[in-house]
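Peer 1: Build me a structure from this.
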Amino acid sequence: MIASRDQSAQVRKMWDVAIGELIELGILCTQESPSTRSTMLDAADDLDRLKRYLCGDATAIFAYSLGISSSTLGDD
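Peer 2: Okay, the predicted model is just below:
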């Protein structure tokens with residue numbers, strides 16, 4: 001029973017992170033100035049990373065909370 005409760009808390013935390021990231025992405029995509037707005041490629045990359053995170057991919061990271069666009073991270 002405890003494991004189920006812990007898993008529910010973990011899922012809830014994942015969704016909290018995901019919702020926060022979607023809100024940040026939405027704000028970045030709607031900036032008035034094109035120079036501060038996310039590119040479509042960055043937005044698509046971030047949505048893909050969010051999808052992988054929600055599917056349990058531990059390597060999926062989020063950069064918006066750090067103020068770094070995905071294009072500056074590189075895919076070495």
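
Peer 1: other SSEs contacting the longest helix along the chain?
Peer 2: When the chain is parsed with DSSP state H, its longest helix is helix 2-29. Applying 3 or more Cβ pairs under 8 Å, 6 or more residues apart in numbering; DSSP states H and E, we find helix 2-29 packed against helix 40-54. (C-beta placed from N, C-alpha, C; glycine too.)

Peer 1: got the angle for the helix it packs on vs helix 2-29?
Peer 2: Computed by axes from the mean of the first three to the mean of the last three Cα atoms, to 10 degrees, the angle separating helix 40-54 from helix 2-29 equals 170 degrees.

Peer 1: helices or strands up against helix 40-54?
Peer 2: Short answer (3+ Cβ pairs under 8 Å, 6+ apart): helix 40-54 packs on helix 2-29.

Peer 1: buried residues in the helix it packs on?
Peer 2: Glu21, Glu24, Leu25, Leu28 (16 or more other Cβ atoms under 10 Å).
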